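K.L.:
Take a look and give me a structure for this.
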Amino acid sequence: MAKTWDIQKVRNIGISAHIDSGKTTLSERILFYGGKIHEIHEVKGKDGVGATMDSMDLEREKGITIQSAATQVHWKDYTINLIDTPGHVDFTVEVERSLRVLDGAILVLCGVSGVQSQSITVDRQMKRYSVPRLAFVNKLDRQGANPFRVKDALVEKLRLNAFMANIPIGLEDKHTGIVDLLSMKAYQNVGDDGEIIAEIPVPAELVEQAKEYRQILIGKLADVDDVIAEKFLMEEEPTLEELRAAMRKGVIALKLVPVFCGSAFKNKNVQHLLDAVTYYLPNPAEKQEHGLDLNKNEEKFPLVADNEMPLVMLAFKLQETQFGQLTYMRVYQGTVKKGDFIINQTNKKSLKVPRLVRMHSAKMEDIDASYAGDIVAVFGVDCASGDTFCDDRINASMQSMHVPDSVISLAIAPKTKEASNNFTKALQKFRKEDPTFRVHRDEESNETIISGMGELHLEIYVERMKREFACEVTVGQPQVAYRETITQAADYDYTHKKQTGGSGQFAKISGGIQPLGPQEDGKTFLFSNKVVGGRIPKEFIPAVEEGFAEQCAKGPMIGFPIVGVEVSLTDGSYHDVDSSYMAFKIAAMAAMREVYQKAKPAVLEPIMKLETTVPEEYQGPATGQINQRRGVITGTTSIEGNCTIEAEVPLTEMFGYSTDLRSATKGKGEFSMEFAKYSQAPRNIQDALAKKYAEKRAAENK
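P.N.:
I've put the predicted structure just below:
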């Protein structure tokens, strides 16, 4: 195996896009042309088989991708590790963790709808992990497709330096092939499944357009490459090799996004896209990754994709199979072999690698070793998503991925006593495999609460409990994750005194609390110590911070966490004998309870970014529905008889929206939403929530 592992010829890529842009259909074609499968199945095909990469029954029924699926294909003499990621915003963590370990990505866009809300989210995730990308404008066979408009949207909406790398020959039902602007050759796909590529002369009516777009392309390449720039100025013709080298350089440096076009469903131009992956996306050695040296206070050091180096690999996805837990790993440096001992850097446990497998969606093949730059799956390794594994020559860790906060909760309970064992097993398993799925027990109501990214997210897990664990559950009303905050500054001055037999307790603290400024974006609690002259000994300062932070975990107004608070400690006093860590912590908690009402508390509610698409004749009713739900419309665009309404709507008002939208538009409306921000709830809603919470407390205290 070692002989054939050539890191220059390896590409780790992901396919990401807005829901229903054709990612899974494109993956299916890539598998077919790469010789992995011998016939093509559609996502919602009549044959009932479903796409290869949608291996869960639920995915096939709903026609959506829920889990990212990994596979490996060979294209010409290249090895491509491919991950098909979900488009639905509720499964955003699947996209996060895939992009965390990939070296490049294909951003798929619908030729009609162009840049949609989820395309914007995926683009933000790609930028977060500095993932070089190619854009593929799909569905050019559909009515109203226009790749040039989509390219303009990439520039305007996503601020990407996008340009056409090829242009289509015909659109809609006349779409037959493409003109490659680098080689100035035209190609068509022929054969039942488009497996044969025929070179044809550039159609006469496209020659001028092709020349014009080629000039733009060369101009873009001249900005990033001196060789092209020189030839551009001298009006000389660069060679195909020079153009490809410049394009590769620009893509890897995140300066360029070439746009390819075609139709995966109609088998057009997928092979050219695969060629582009090998030409322009980086191999594992070219994408710079860093590790954190645990022996040197988490100092950053570069990871080198070299088989002889100490092993560093990251577990980025867990999956339960009938053979036990399967862990997907990305090997960043070194080699891992079957039977090797590896160390989990989270808990320092050493374990033996019992079985290494190469995944193909739900099927697998055993392998003996995996090398730097590869993506592999390991059986029988107990770990959580985001854990780093090393061998004993190195003590390092890797930064985990960004995990968004959950916005919605449900109370659930098993229907029967017998199912409670399976219920616990299911929750533990889901929690390990999905960091955005959270479980906690509500001490007051004694209920099990699950939290996630949206209604569909939790619905899928409830359904999976029933199918995979034979556990029927009863589900309570959805709960929105509110927050409490303060709206003005207030001062506190609190003395905690307790005299009992033996030593007493004494702590005095004073200072102020105030709302966090906008520059502290993303922070929820800030503590600053302004005590001078040793008025409070240094060892008691953390106790004060801990007391305030603990009191913020559950606000007195509606029982939700308090966020956006800055606490400053300016003065205080202590007693040589009676002061202790605990005394100062209790003083801080009591001070927070006392000062909170003076700081004019308020309730914050989660606001969702909503994108609703309806046929134009239903624009009025759809807008009316959003207004009724306290929505603020931020923009509307019309394309080809369809109207897209963008709005910001409180999550509280969004329950049952899909049913209302369908009935108002005769089933033709669709929407997607994702969390945008927290914002102050209207006074009447704040009062209602506070009243309900007060009644609940009163009932408990009886």
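K.L.:
mind listing the strands in the stretch 251-400 of the chain by residue range?
P.N.:
257-261, 290-293, 299-302, 312-321, 324-333, 336-337, 341-344, 349-352, 355-360, 363-367, 369-370, 375-379, 388-390, 396-397 (DSSP state E, counting those that start in this stretch).
K.L.:
ditto for the stretch 401-550 of the chain
P.N.:
With DSSP E, counting those that start in this stretch as the criterion, the stretch 401-550 of the chain has strands spanning 408-414, 438-442, 447-452, 473-475, 479-480, 483-486, 490-498, 505-515, 525-529.
K.L.:
got those strands as JSON lines, with distance to A153 and mean neighbour count columns?
P.N.:
(Each C-beta comes from the backbone N, C-alpha and C, glycine too.) JSON lines is the format used below for these (distance: least, CB to CB, whole Å; neighbours: other CB atoms under 10 Å):
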{"stretch": "strand 408-414", "distance to A153": "30", "mean neighbour count": "19"}
{"stretch": "strand 438-442", "distance to A153": "35", "mean neighbour count": "13"}
{"stretch": "strand 447-452", "distance to A153": "30", "mean neighbour count": "19"}
{"stretch": "strand 473-475", "distance to A153": "39", "mean neighbour count": "14"}
{"stretch": "strand 479-480", "distance to A153": "33", "mean neighbour count": "16"}
{"stretch": "strand 483-486", "distance to A153": "34", "mean neighbour count": "22"}
{"stretch": "strand 490-498", "distance to A153": "48", "mean neighbour count": "16"}
{"stretch": "strand 505-515", "distance to A153": "38", "mean neighbour count": "21"}
{"stretch": "strand 525-529", "distance to A153": "39", "mean neighbour count": "16"}
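K.L.:
who wins for proximity to N269 among these?
P.N.:
Set against N269 and scored by CB to CB, the strands of the stretch 401-550 of the chain come closest in strand 447-452, at 37.5 Å.
K.L.:
How much space separates V277 from L661?
P.N.:
Look at V277 and L661: by CB to CB, to the nearest Å, they are 38 Å apart.
K.L.:
mind checking which of the strands of the stretch 401-550 of the chain is nearest D576?
P.N.:
Across the strands of the stretch 401-550 of the chain, the minimum distance to D576, taken as CB to CB, is reached by strand 505-515, at 9.6 Å.
K.L.:
In terms of secondary structure, what does the closest one contact?
P.N.:
strand 483-486, strand 490-498, strand 565-573, helix 581-596 (3 or more CB pairs under 8 Å, 6 or more residues apart in numbering; DSSP states H and E).
K.L.:
With S183 as the reference, name the closest of the ones you listed.
P.N.:
Taking these one by one with CB to CB, strand 483-486 is closest: 56.3 Å.
K.L.:
which helices and strands sit right next to the closest one?
P.N.:
Helices and strands touching strand 483-486, by 3+ CB pairs under 8 Å, 6+ apart, are strand 505-515, strand 601-615.
K.L.:
what separates the helix or strand that the longest one is followed by from the chain centre, distance-wise?
P.N.:
Going back to what we said before, that points to strand 601-615. Using DSSP states H and E, the helix or strand that follows strand 601-615 towards the C-terminus is helix 619-628. Its chain's C-alpha centre and that of helix 619-628 lie 30 Å apart, by CA atoms, centre = their mean, to the nearest Å.
K.L.:
and if you look at stretch 377-385?
P.N.:
Put simply, stretch 377-385 sits 21 Å off its chain's centre (CA atoms, centre = their mean).
K.L.:
tell me which residues in it are buried?
P.N.:
With burial defined by 16 or more other CB atoms under 10 Å, the residues of stretch 377-385 counted as buried are A377, V378, F379, V381, C383, A384, S385.
K.L.:
mind putting those in CSV, distance to D192 and pLDDT included?
P.N.:
Below are those laid out as CSV (distance: CB to CB, whole Å; pLDDT from 0 to 100):
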residue, distance to D192, pLDDT
A377, 34, 85
V378, 39, 87
F379, 39, 81
V381, 43, 81
C383, 45, 80
A384, 46, 77
S385, 41, 75
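K.L.:
Reformat the residues you listed into JSON lines and put distance to A681 next to each item.
P.N.:
What follows is these, written out as JSON lines (distance: CB to CB, whole Å):
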{"residue": "A377", "distance to A681": "45"}
{"residue": "V378", "distance to A681": "47"}
{"residue": "F379", "distance to A681": "48"}
{"residue": "V381", "distance to A681": "45"}
{"residue": "C383", "distance to A681": "40"}
{"residue": "A384", "distance to A681": "35"}
{"residue": "S385", "distance to A681": "33"}
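K.L.:
Which one of the residues you listed is nearest to E674?
P.N.:
Nearest to E674, judged by CB to CB, of these is S385 at 20.8 Å.
K.L.:
close enough to count as contact, the closest one and K429?
P.N.:
No: using CB atoms under 8 Å, S385 makes no contact with K429, being 12.0 Å away.
K.L.:
if we can go back for a sec, winner for burial among the strands of the stretch 251-400 of the chain?
P.N.:
Neighbour counts averaged per stretch over those are highest for strand 257-261, at a mean of 25; criterion: mean count of other CB atoms under 10 Å.
K.L.:
Within the sheet, what are the partner strands of that one, with directions?
P.N.:
Sheet pairing of strand 257-261 (DSSP bridges) gives strand 133-138 (parallel), strand 162-164 (parallel).
K.L.:
which one of the ones you listed is the most hemmed in?
P.N.:
strand 133-138 (a mean of 28).
K.L.:
I'd like to know how far the closest residue to K352 other than its chain neighbours sits from Y371.
P.N.:
Closest residue in space to K352, ignoring its immediate chain neighbours: F341 at 5.6 Å, by CB to CB, 6 or more residues apart in numbering. Using CB to CB, F341 is found at 18 Å from Y371.
K.L.:
tell me, what residue is most central in the protein?
P.N.:
Of all residues in the chain, the one closest to the mean position by CA atoms, centre = their mean is E96, 3.2 Å from it.
K.L.:
was I right about it contacting G386?
P.N.:
No: between E96 and G386 there is no contact under CB under 8 Å: 10.2 Å.
K.L.:
I15 and I80, how far apart?
P.N.:
In terms of CB to CB, I15 sits 11 Å off from I80.
K.L.:
oh, I was asking about L171
P.N.:
29 Å.
K.L.:
can you check S579 too?
P.N.:
S579 sits 65 Å away from I80, going by CB to CB.
K.L.:
what about those two, which has more around it?
P.N.:
Between S579 and I80, counted using other CB atoms under 10 Å, S579 has the larger neighbour count: 25 against 21.
K.L.:
Excluding its own residues, what touches stretch 200-212? List them.
P.N.:
I167, I169, G177, V179, L181, M184, K185, A186, Y187, Q188 (CB atoms under 8 Å, 6 or more residues apart in numbering).
K.L.:
Alright, that wraps it up for me.
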